[in-house]
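>>> Structural data only, the sequence is not supplied:
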């Protein structure tokens, strides 16, 4: 927590302009509906513009187009981003280094950096190397040879399997598994012969991964999650995938083996990507879609199989009319046959 | 386990009527196919009515409409519910209080109620407050400030994150995560700026949650699971959702941010609900459906985008005929053009 | 790891034929693109046949139809299977028995076989019986009465609930839950009355299960996973299912209660199977499909509701044309009406 800041200090932090009293002291944040005196709030959705007049907040972060209703305000291009920055400013906890706590199980061959916290019940195997200011929560398991960068946080119940490597400032939420075996079997008549999965997972800097997600190790080489990518809960990323930088993968999406995502790709919730597909930069795939083929950069797709999103919306709107269309088609056929019969003698 | 009960005692417990010998001693339960002498079974599905005559069970729980075939029976309005009550009666284990076991890691600032069990490998942080008769299985992690009511059971591997609150008689199965960060990022040019998730999760009384499910903490306020709601395995509930009372959410369903479910809503398996949607009381959403808009109370929807279930079944039945419809349409066009050509000279 | 083998030794191991120098020493494996001298690679996909000429590998495993380009080679019917066998040969680690390590919590009433490893943070309850050469990774929890066969590996964070039984050579990856309660509630007016789940899970020999998957215990009897079946990550298998032998269930598939899968059934990713459905031997269900009815042996289905895969592909190809079809239908109706009007006076 931080003590109060003046409206001018906050505007400087955000690169915005003050309207009203620059010396006003702000001590916290709230929503338009729930903020109280001394707090600052924000308007991101123009639909709620009228609430700027009535909010109990002492100041509002606004876009240039919005009416200030005479309130104290900071005007910025992107109020949502500004609010995120203020939240970070007011709520960021300082790093707490508790050391290797009693009840933690750390192999003597592991190397732990400065200012670490390793909670009880965590297990760190031989050959693990860990950077500075890392927090390993209870019941985390790091298998042999794992490497973690600086400022990594692994929440309770996370497993990182043999030899996988995480960069700096990586955060992984509870129960997520990094480096489980890829799902690879060769058919041998009726049974399945396991293909040993001897590759690893590399997670680059500034990646955040949600809870109970799974990222499988490569069969031979590397499953890679690119810098800055954010992955939600219960996502499946199969062996040998290459996920580009700054992608966003929403909950319960599933990415099959050897898929390549470009930069800044967005996958909606429950999307499925078939193996070996390549998805271009900035593509967006709508929730529940199934992608079977290469996706061009910038494409916006939806449905299974995924097609242009706008096209799919139009077809989906027709879908409820299918029974009536089928009946109409049959009737038209009947009417046309009658017309043809009537014409028969005429043309005869 | 309970010793034997007479048929009359069981009928009184269920609010049903005995047919046959009220003093018959029943010592357990079984299915129509597998029950043995001394056991009671039940008929819920009229399809199996004939098995009442041949089952080796000593008695049968039946609806008023069923033929008893002269067997000893208890007649009740809802045999399925009655059987659940009998199962509970015959199989409920008494609460076992083993205390804080060796190998459990409990911060000295945590407050634990009476008759608790805390298994080895569980971690309970500072500021946690726990009610009476609570069972914390191995390798559970309770972060700082968590509050649990009475008669709570948390199975192995559950995590409850900072400050989250669970009511009385809440049961959470293995590996489920309560209070992981919501998936909130503000776009900052090409990268994603994290929006701190500083709210909590509140789980009300009598909620049961399955295994490996994730419930994210609110960005600012509360993600709430209403009293009596039952949630299956591998479900995703995003930040700021409000789930009403007595809802049922089947496995692998995903509920995006700020969704509101009314009372007694049923979501089928793998359903997806888009963010900010409101779903009315008693609505039912069929498995794999995708809901993009407000749902009226009592509606029964299916498909993606979800429409009235009956309408969708009819359209789905037409779907396999699409190729033939398209051909027919082209042929009709051709035939009609010929007719028009023939009429040309007539009308000319 | 193994030392080098001659090409002839490898061919004998695979049941293949050497082309070139049988005494060539091979020390490892690589892909067509990345193998180096001394390594062997393989050609499974004919698309890459030209790479056989240019790979830096010293030998190639090839199908009989492929051009050897004069390279040292082993010719086999199934190069993919052969490569899996070579990988296993070159990379299999010998079993390491570390015993019950300090920090493991093993109830004195548990029975552990020979050459076991039980890592710190694992909990093994009363009445558990474990075979020989078993590896229990950190933070695994085995509830009372669990039985494990020989050569079982349970990765970190796995839970096996009360009384469940695993056969020989079963491997379960991190965070997976075996034997959580089935999702069974009887409606009692508006609330849900829990149906006690007192059955178990039985997992037969040679089953492998991925990470963060859930297999629920039966209500009364047994949820069974058949010998040799392979299950991927984040899969849901509900209570009372019977999964046949040598099935393959891809990530995020969900199988509802009391479903029966025959032998060698393949379910794609995110498939959903409705409760009580029976699926015949060798059936294949395409990813994201929803199955509502009995599936015949050998059927290949896709879509929701699932239909013949080929039929569904054809209908899906028509789907984007629906808006244009609807317009055409309306136009044809208009044109036909005009024709009918013109014919009116003629036939009158």
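Sure, I can see it. Note that the coordinates shown come from a computational prediction; the quantities given were computed from them, not determined experimentally.
>>> correct me, but residue A:281 touches residue A:247?
No. With contact defined as C-beta atoms under 8 Å, residue A:281 does not count as touching residue A:247 (9.7 Å). From N, CA and C alone the C-beta is placed, and that goes for glycine too.
>>> how about the residues of the stretch 201-348 of chain A near chain B?
Listed as neighbours of chain B in the stretch 201-348 of chain A under the rule C-beta under 8 Å from any C-beta of the partner chain: A:208, A:210-212, A:228, A:230, A:232-234, A:246, A:248, A:250-252, A:263-264, A:269-270, A:287-288, A:316, A:319-323, A:325-326, A:329, A:332-333, A:336, A:339-340, A:343, A:346-347.
>>> Give the residue spans of the stretch 101-250 of chain A that score low on pLDDT.
Across the stretch 101-250 of chain A, nothing is flagged by pLDDT under 70.
>>> before we move on, the earlier item: overlap in contacts, residue A:281 and residue A:247.
Residues within reach of residue A:281 and of residue A:247 at once, by C-beta atoms under 8 Å, 6 or more residues apart in numbering or on different chains, are A:263-265.
>>> among the residues you listed, who's most crowded?
Using other C-beta atoms under 10 Å in any protein chain shown as the neighbour definition, the shared contacts of residue A:281 and residue A:247 reach their maximum at residue A:265, which records 27 neighbours.
>>> Using the three-state scheme, assign residue A:252.
Residue A:252 carries the three-state label coil when classified by DSSP: H, G, I helix; E, B strand; the rest coil.
>>> Could you do the one 5 residues further on as well?
When states are read from three-state DSSP, the local structure at residue A:257 comes out as coil.
>>> tell me what the longest helix along chain A is packed against?
Longest helix of chain A, by residue count under DSSP state H: helix A:322-347. Secondary structure elements in contact with helix A:322-347, counted by 3 or more C-beta pairs under 8 Å, 6 or more residues apart in numbering or on different chains; DSSP states H and E, are helix B:309-318, helix B:322-347, helix C:322-347.
>>> and those as CSV, adding mean pLDDT and mean neighbour count?
Written out in CSV, the entries for the helices and strands packed on helix A:322-347 read as follows (pLDDT from 0 to 100; neighbours: other C-beta atoms under 10 Å in any protein chain shown):
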stretch, mean pLDDT, mean neighbour count
helix B:309-318, 96, 17
helix B:322-347, 89, 15
helix C:322-347, 89, 15
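>>> could I get those as a markdown table with distance to residue C:155?
Putting the helices and strands packed on helix A:322-347 into a markdown table (distance: least, C-beta to C-beta, whole Å) gives the following:
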| stretch | distance to residue C:155 |
| --- | --- |
| helix B:309-318 | 41 |
| helix B:322-347 | 46 |
| helix C:322-347 | 47 |
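>>> Relative to residue C:91, which of those helices is closest?
Nearest to residue C:91, of all these, is helix B:309-318, at 47.7 Å by C-beta to C-beta.
>>> what's the angle between the closest one and helix A:322-347?
Helix B:309-318 runs at 50 degrees relative to helix A:322-347, counting by axes from the mean of the first three to the mean of the last three C-alpha atoms, to 10 degrees.
>>> Determine whether any part of helix B:309-318 lies close to chain A.
Yes. Judged by C-beta under 8 Å from any C-beta, helix B:309-318 comes into contact with chain A through B:311-312, B:314-315, B:317-318.
>>> what are the bridge partners for residue A:123, then?
Bridge pairing for residue A:123 (DSSP bridges) gives the partners residue A:105, residue A:141.
>>> Do a quick rundown of the helices in the stretch 1-150 of chain A.
Shown for the stretch 1-150 of chain A, the helices assigned by DSSP state H, counting those that start in this stretch span residues A:7-14, A:51-54, A:79-91.
>>> Neighbours of residue A:15, how many?
Residue crowding around residue A:15 was assessed by other C-beta under 10 Å; the count is 11.
>>> swap that for residue A:114, sorry
Around residue A:114 there are 10 other residues, counting by other C-beta under 10 Å.
>>> Provide a list of residues in contact with the residue nearest to it when sequence neighbours are not counted.
Distance criterion C-beta to C-beta, 6 or more residues apart in numbering or on different chains; nearest residue to residue A:114, sequence neighbours excluded, is residue A:132 at 4.4 Å. Each residue near residue A:132 by C-beta under 8 Å, 6+ apart is listed here: A:113-116, A:150-151.
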